[in-house]
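> Using only what follows, build the 3D model:
(2 chains)
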Amino acid sequence: MLTAVKNQVRVCALSIKYNIMREMLNQVTFLMNVTFMILNNASILIQWFILFRLREEIGGYTMREIMVLWGLTAASFGLSHILFARVYSLPELIVSGKLDSYLVQPKSVLLGVMTSSTDVSAIGDLLYGVILLMVAGLSVRGFLFSLLFVVTGAVTLTAFALLLGSLAFWFVRVEMLSGQMVMGLVSFATYPDGIFRGISRFLLYFILPVGMVVYHPVHILVRFDGGMLFTVLVYACLLSAAAAAVFYRGLRRYASSSLMEARM
Amino acid sequence: MDRQEKPAGLNVGVLEKRWRLPGRKYRVIYRSVLMENLQYAANIALGFFGYFVFIFIFVKLWDYMYRSPGELIAGYSKEQMIWYVMMTEMMWFGSNASAVGRQVKTDIRGGNIAYLMNKPYHYTLYILAKYTGEWSIRLPMYAGLAAVIGTVMVGPVPGFRLITVPAMALCIVLGLTINAVFKICIGLLSFWIEDSSPFQWLYDKLLLVVGTVFPVEIFPKAWQSFFKLTPIYTVCYGPAKLIVDFQPEKCVEILAAQGLYLAAGCILMFSVYRKGVRKLYVNGG
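Here you go, the predicted model:
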């Protein structure tokens, strides 16, 4: 059992490694993608400098908390897109019947699909997020916790995308909707939760898991709360299990399109 | 008999055909893309969620920022500020301009440009006509949505007059065209570098942060004069400003700036394309 898990992890790690090596074939393009993504993300800080000229705090957040918020969001998004970029285009694979090549491989279908692609610009997102967390003035303990939240955030984000993407086994036009829901989650995650009240706040914590990806982690980093930490960890595990279950349930309905395709 | 009455060399039909032909082929491209997009109107409507999320966030943000009714920030009331963002986001979502840069990049990287450049049209104008056909369906749909969301969430635009709509519409059309021309220019950089996307990100982010999310007046005075020289002024700030606060002299100023920008952008686009195709290598396929 342990050997099987070890082998599975090894295969996934190799798959991710080769994805990145393939993207690095053209080094100029690779470096430009990473560098410009960092600059692209950094330009958003202008917006916050302008807003903080108008008010000292926004939704209970100062510039420091905004940097932590942005750091966690960018790094979680980056990590998820580096390791599991294919999850975000899963509906397209399902609808066009391109899962065949994954089904015949002697490894987990889900992990095989998830790790089959890398978004190179996401390396820029991850680096930017980590840099922001480093300069946000967190203590060493806080910084280590923030790295843990980057992982839980990436897991929750990936599981959410997988859950929505797997709906394509049942419904045809899920692709656009799932993409919009994920981008909606990311959009909300870059603004303080203090500006949302009432039903919208409820939606952000219980329907779109923005609260679990960033809001709870930011609150924990500002003021440690063991119960909240436990909730974030358990939520990431439960959502991942639910997403995997929905994927395998849907896979039973999958029909091949007899498309000739090879994975190398 | 009739033929003899016409002097030789002045065949009006032929002349008309010659003059009409260049515009006509782009009109045909435009019409065919328009008809194609009409079939996918339901798909376009699926994109409303993303627009709604953005607007919802900004309504909440400005609700928080404006603490007392009647307060002005950079000369804008809360209603004007929210309508400004709604209009710029409507142009952003309704035009889907990122598709233009992406198509140019894909055509050049994938080699499809080798086929397209030999067709009896100018490649860049073909892309422009195609893009115009796409937003001609999307934009009115998003405009309708923006009007409904705006009226429900913040009430009507203060001081809005129906008579000013044609001038606003012209400003929006010119703004979208200028944006597409610049995005094509950036996409054409793929002739030299393999992937022009990083430059598209920076251009988009500049438009988003400086002109879309905030009006230019919110920035420090020294920055404002600089921003007024950039495409931001003609692409997003100008049209949205006219919608929330229409002034005839401002309208003339923005239209004049748009005319200049469009002319300069087209010259740049044609020259970059001419230089780029000289560098083209076709690998076969």
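
> For whichever residue of chain A sits closest to chain B, identify the helix or strand it belongs to.
Nearest residue of chain A to chain B, counting by Cβ to the nearest Cβ: residue A:36, 3.2 Å away. Any C-beta I mention is one placed from the backbone N, CA and C, and that applies to glycine too. Using DSSP states H and E, residue A:36 maps to helix A:27-42.

> Who are the contact partners of the residue nearest to residue B:265 when sequence neighbours are not counted?
Counting by Cβ to Cβ, 6 or more residues apart in numbering or on different chains, residue B:265 lies nearest to residue B:181, which is 3.9 Å off, once chain neighbours are set aside. For residue B:181, the contact set (Cβ atoms under 8 Å, 6 or more residues apart in numbering or on different chains) comprises B:128, B:262, B:265-266, B:268-269.

> what separates residue B:154 from residue A:140, distance-wise?
Distance of residue B:154 to residue A:140, computed by Cβ to Cβ, to the nearest Å: 46 Å.

> returning to what we had before: spatially, which residue comes closest to the residue of chain A closest to chain B, not counting chain neighbours?
residue B:198 (3.2 Å).

> what about the strand or helix carrying that neighbour, average pLDDT?
Element membership of residue B:198, judged by DSSP H and E, is helix B:197-206. In this model, helix B:197-206 carries a mean pLDDT of 90.

> same check, this time on stretch A:117-137
Mean predicted confidence for stretch A:117-137 is 94.

> what's in contact with that stretch?
Contacts for stretch A:117-137 (Cβ under 8 Å, 6+ apart): A:16, A:19-20, A:23, A:30, A:33-38, A:40-42, A:64, A:67-68, A:70-83, A:85-86, A:89, A:143, A:146-147, A:150, B:197-198.

> at 6 Å what do you get?
Contact partners of stretch A:117-137, identified using Cβ atoms under 6 Å, 6 or more residues apart in numbering or on different chains, comprise A:19-20, A:23, A:33-34, A:37-38, A:41, A:64, A:67-68, A:70-71, A:74-75, A:77-79, A:81-82, A:85-86, A:146.

> How about stretch B:137-153?
For stretch B:137-153, using Cβ under 6 Å, 6+ apart, the contacting residues are B:37, B:44, B:48, B:55, B:59, B:83, B:86, B:90, B:93-94.

> Let me have the residues you listed in a markdown table, extended by neighbour count, distance to residue B:76 and secondary structure.
Shown next, in a markdown table, are the contacts of stretch B:137-153 (neighbours: other Cβ atoms under 10 Å in any protein chain shown; distance: Cβ to Cβ, whole Å; DSSP: H, G, I helix; E, B strand; the rest coil):
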| residue | neighbour count | distance to residue B:76 | secondary structure |
| --- | --- | --- | --- |
| B:37 | 17 | 34 | helix |
| B:44 | 19 | 30 | helix |
| B:48 | 15 | 26 | helix |
| B:55 | 22 | 16 | helix |
| B:59 | 20 | 14 | helix |
| B:83 | 24 | 9 | helix |
| B:86 | 28 | 13 | helix |
| B:90 | 27 | 17 | helix |
| B:93 | 22 | 22 | helix |
| B:94 | 24 | 22 | helix |
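
> from those residues, which single one is nearest residue B:225?
Nearest to residue B:225 among these, counting by Cβ to Cβ, is residue B:83 at 24.8 Å.

> need the contact list for that closest one.
Counting by Cβ under 6 Å, 6+ apart, the residues that residue B:83 touches are B:150, B:157, B:244.

> can you rerun that using 10 Å?
By Cβ atoms under 10 Å, 6 or more residues apart in numbering or on different chains, residue B:83 lies in contact with B:76-77, B:146, B:150, B:154-158, B:160, B:240, B:243-245.

> Can you convert these into CSV and add a column each for neighbour count and pLDDT?
Listed next are the contacts of residue B:83 as CSV, based on neighbours: other Cβ atoms under 10 Å in any protein chain shown; pLDDT from 0 to 100:
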residue, neighbour count, pLDDT
B:76, 22, 92
B:77, 17, 93
B:146, 21, 94
B:150, 21, 92
B:154, 20, 89
B:155, 11, 90
B:156, 11, 90
B:157, 21, 88
B:158, 12, 84
B:160, 14, 85
B:240, 26, 93
B:243, 22, 91
B:244, 22, 91
B:245, 19, 89
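
> Can you tell me which of those is closest to chain A?
Nearest member of those to chain A, counting by Cβ to the nearest Cβ, is residue B:76, at 11.8 Å.

> Quick check: buried residues in the helix or strand hosting residue B:150?
Element membership for residue B:150, per DSSP H and E: helix B:123-153. Neighbour-count burial for helix B:123-153 flags B:123-139, B:141-143, B:145-146, B:149-150 (criterion: 16 or more other Cβ atoms under 10 Å in any protein chain shown).

> Which pLDDT value belongs to residue A:148?
pLDDT, residue A:148: 97.

> And it, how far from residue A:234?
Taken as Cβ to Cβ, the span from residue A:148 to residue A:234 is 14 Å.

> More neighbours: which of the two?
Legend: neighbour count by other Cβ atoms under 10 Å in any protein chain shown for residue A:148 and residue A:234, higher for residue A:148 (14 against 11).

> Could you pull out the buried residues of the host helix or strand of the more buried one?
Per DSSP H and E, residue A:148 falls inside helix A:140-166. Neighbour-count burial for helix A:140-166, counted by 16+ other Cβ under 10 Å, picks out A:142-143, A:145-146, A:149-150, A:152-166.

> for it, packing partners?
helix A:63-83, helix A:90-95, helix A:109-114, helix A:122-135, helix A:174-189, helix A:210, helix A:216-222, helix A:226-251 (3 or more Cβ pairs under 10 Å, 6 or more residues apart in numbering or on different chains; DSSP states H and E).

> again, only using 7 Å
helix A:63-83, helix A:90-95, helix A:122-135, helix A:174-189, helix A:216-222, helix A:226-251 (3 or more Cβ pairs under 7 Å, 6 or more residues apart in numbering or on different chains; DSSP states H and E).

> Closest to residue A:211 out of the contacts of stretch B:137-153?
residue B:59 (19.9 Å).

> And the closest one, how far from residue A:191?
12 Å.

> cool, residue A:28 as well?
Residue A:28 is 35 Å from residue A:191, by Cβ to Cβ.
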